[in-house]
Every structure is written in C-alpha cells, then in structure tokens.
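# have a look at this prediction, sequence included:
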Amino acid sequence: MMAIDYSRPDPVGEFRDVLGDAGLLPVEIVPDGKLRRCGTKDKPNSSNGWHLLFADPLAGAYGNWSTGLSDKWCMTGTALSEEDRKRLRETIRQQKAERKAREKAEQAVAIEKARAYLAALPAATDDNPYLSGKGVKACPGLLADGDDLIVPVMGSDGQPMSYQRIAPTGGKLFSVGCPMAGGWFAIKGDSVTLVICEGLATGLSIHMATGRTTLIAFSAGNLTTVARLARDRYPDREIILCADNDAGTEAKTGHNPGIESAIKAAREVNGLVAIPNQPGDFNDLHQAGRLDAVKTAINAARPVKPKTNTEVSTDWPVPVPLPDGLPAVAPFALELLPETLRPWAADIAERMQCPPDFVDNMVEREPPPTIKRPAIP
C-alpha cells in the first residue's frame with residue numbers, strides 16, 4: 001500500500017470532517033481500505049455508521065445503515081482515474097459482501113441463542129404486570145421471565161427468530177443480533193378475517209373485541225412485510241390493517257406514521273384499514289372503557305383508495321423556452337420534389353396526416369426501393 005503524502009493537506013483530517021458533516025462519529029480512521037463501524041450523532045452508542053479510507057488513491061466511502069446514506073469521497077484537488085474508480089468500487093463491493101456474510105453468520109448464532117432462551121421459559125399468565133396494566137389477558141405462546149413479558153418473534157418458516165422483552169413499565173427491547181424484518185406473533189382466532197397491527201397490547205384488545213386471528217408486526221415499518229407474507233399464505237382471505245392513530249406526531253410533523261404505514265400495507269395486499277376514532281391505538285380505546293368501540297371500528301374497516309396522480313411527484317424542472325432570434329424556415333413545398341416522387345409523397349402525407357416536411361425527410365433517407373430516384377436538377 002502506498003503511503004500518504006503528508007506534505008499535502010491532511011487527508012485523514014479532511015475525511016474526518018466529511019464524516020462529521022454526515023453525522024458520523026468515527027473513533028479511528030486508518031487509510032488501509034478496511035471498513036470500520038462507528039456511532040452516529042443521533043445514536044452515539046450504535047454501530048450504524050461505517051467508513052473506509054484508501055491511501056492509494058486518496059479516496060474513501062462512508063454511510064449510515066439506519067438511514068440508507070451511502071456516499072464516496074476523494075481528496076480535494078485529486079481526480080480519480082477510471083482504474084482507481086474501478087478499484088474503489090470493487091473494494092466497496094467486496095467489503096459489503098463480507099459484511100453481509102459476517103452479519104448472516106452472527107445472526108444465525110443469535111437466533112439459536114434466542115431459541116434456546118425461549119425454550120427454557122414458562123408460559124405467561126394473566127397476572128403478568130404488563131398485561132394487567134393494559135387490561136388484557138395472556139394468550140398461548142406468550143412467555144415470562146420473572147415480571148418481564150417475553151413475546152417470541154416468528155419468522156416466515158414459523159420458527160422463532162427473535163423475541164421482544166416487555167418490562168412491567170412498558171419498556172420494550174428486542175433480542176440483540178437477531179433479525180426483525182418480517183417477524184410476527186400470532187394471536188389465534190377465527191379463520192374468516194386476518195387482522196394485522198403493530199403492538200401486542202393492541203392485538204390482544206382487538207382479539208378480545210372481535211375474536212379474529214391477529215398478527216403482531218411489532219412496528220409500523222414492518223406492517224407491509226408482514227401483510228405480504230400473510231397474503232402469500234392466504235391469497236383469498238380478507239386482511240384488515242389496524243392503524244395506530246399517531247395524532248401527536250402528526251401535530252408536530254404533519255405526518256401520521258401509524259395511519260400512513262397501515263394504508264401503504266393495505267394497498268400492497270388489497271386489504272382494508274381500520275383507524276381508532278381517537279388518538280392512540282386500539283388498546284388505548286379499550287382502556288378508555290370502549291371495547292365495543294374497538295369492535296365497531298374494525299367492523300367498519302374500509303378499502304383504501306388507489307394512488308392518484310396527485311400523489312406522484314410533480315417536481316419537474318421548469319421548461320426552458322427556445323431562444324429568440326432563430327432563423328425563419330420557409331414552408332416546404334411538394335413542388336420541390338422531382339415529378340416522379342410528388343404523387344407518392346402527397347399520398348403518404350395524406351394517409352399519415354403529416355406535413356410534407358416529414359415525408360421529404362423519409363424520401364431523403366429511405367427512397368422507395370421500386371423507384372429509381374432521378375438527380376435533382
């Protein structure tokens with residue numbers, strides 16, 4: 001590896017500044033081409049950030065896995081050759097492949113550890129502090145670790161792939177190192193309609209009110225993935241997405257993630273959407289003494305409207321007008337063509353309802369094969 005020419009401005013310092021501007025908190029920057037993880041400004045103790053730096057060429061890359069940020073960098077004043085760019089892209093590709101393989105192996109170990117832990121736990125009972133506080137009862141599959149409620153997170157194969165730990169006060173944590181995308185927990189009920197919601201307490205309230213099978217998706221962002229899995233398994237079954245009404249968030253940001261995520265998921269699976277008629281989720285509605293209102297709202301679930309053109313981005317650039325002063329072009333006349341071509345060109349213009357100019361262009365480029373084109377005097 002070529003050493004950095006430190007007679008130039010400090011590349012490591014410049015790269016560190018770039019990472020800082022991107023919200024990353026690098027601990028160590030070494031120009032050896034190896035990927036390193038780091039915290040971010042919004043989550044200093046996480047490892048969501050990543051970066052790598054090369055000495056030859058003076059270039060690097062960085063990103064944030066939690067936000068999807070991914071960008072490249074090269075030293076100010078240096079221009080990367082195509083060979084350097086190719087080498088940089090290949091190194092990044094290899095680093096990503098190695099990271100995915102490493103994460104997959106680590107996840108496999110974490111999943112086995114989680115399954116062994118779940119297998120050793122007793123079933124949860126109705127007097128669990130969290131369940132009692134939410135006004136709901138335990139269902140088959142829920143487990144307990146002391147006063148903590150343990151909710152298995154099931155994968156597409158029907159086997160546990162993680163778990164959620166819920167403290168008596170309502171604090172929630174997921175098993176470290178385990179995947180969550182597409183994870184679900186089922187509260188079994190009738191086989192007519194399938195209901196999907198975010199949280200466990202919400203699902204238990206829905207089940208109490210309706211008796212319907214309910215899937216817990218654990219988060220708004222996971223609703224669509226779980227809904228797709230459900231639709232693939234039950235292609236003809238009615239699916240209702242029960243939204244959380246995040247009115248507080250909407251008042252601050254203008255967006256209601258609970259409702260928006262439920263609508264998005266429903267569109268994906270041709271499902272229905274049910275929304276609480278007050279801020280909060282369906283368990284909040286239940287605890288307000290209105291279990292009948294939970295049933296009424298779910299029975300009133302409606303299909304969502306398909307996306308309209310107004311929802312498609314209209315952020316188009318402003319058209320640039322043609323410049324003034326363009327030379328005037330005299331209209332084309334069929335008389336300019338040789339006599340043998342005039343009837344043919346006029347017939348084409350009539351049949352195609354196009355100006356003679358268009359036909360003339362065809363004549364110049366593609367003369368009819370059966371006509372020998374005479375020289376224009």
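Alright, I've got the coordinates.

# CA only for contacts and neighbour counts going forward, please
OK.

# just want the most central residue of the chain.
Against the mean C-alpha coordinate of the chain, by C-alpha atoms, centre = their mean, the closest residue is Gly221 at 8.2 Å.

# using neighbour counts, pick out the buried residues of stretch 225-244.
For stretch 225-244, burial by neighbour count (16 or more other C-alpha atoms under 10 Å) applies to 225-231, 238-244.

# straight-line length of that stretch, end to end?
17 Å (C-alpha to C-alpha, to the nearest Å).

# same deal with stretch 144-155?
Length of stretch 144-155, first residue to last, C-alpha to C-alpha: 20 Å.

# could you verify that the residue nearest to the centre of the chain is part of a helix?
Yes: per DSSP: H, G, I helix; E, B strand; the rest coil, Gly221 lies within a helix segment.

# what's the distance between it and Ser175?
From Gly221 across to Ser175, the span is 18 Å (C-alpha to C-alpha).

# likewise Ala274?
Separation of Ala274 from Ser175 (C-alpha to C-alpha): 30 Å.

# between these two, which has more neighbouring residues?
A count of neighbours by other C-alpha atoms under 10 Å puts Ala274 above the other of Ala274 and Ser175, at 26 against 18.

# contact partners for the residue nearest to that one when sequence neighbours are not counted?
Spatial nearest neighbour of Ala274, excluding adjacent residues (C-alpha to C-alpha, 6 or more residues apart in numbering): Ala301 at 4.4 Å. By C-alpha atoms under 8 Å, 6 or more residues apart in numbering, Ala301 lies in contact with Ile240, Leu272, Val273, Ala274, Ile275.

# need the contact list for the fourth one.
Spelled out, that is Ala274. Ile240, Leu241, Cys242, Ala243, Ala297, Ile298, Ala300, Ala301, Arg302.

# narrow the residues you listed to those in helices?
Using DSSP state H, the members of the contacts of Ala274 that fall in helices are Ala297, Ile298.

# and which of the contacts of Ala274 is nearest Gly63?
Distance to Gly63 across the contacts of Ala274 (C-alpha to C-alpha) is lowest for Ala243, with 32.1 Å.

# help me confirm that the closest one comes into contact with Ala262.
Yes: Ala243 lies in contact with Ala262 (C-alpha atoms under 8 Å); the separation is 5.4 Å.
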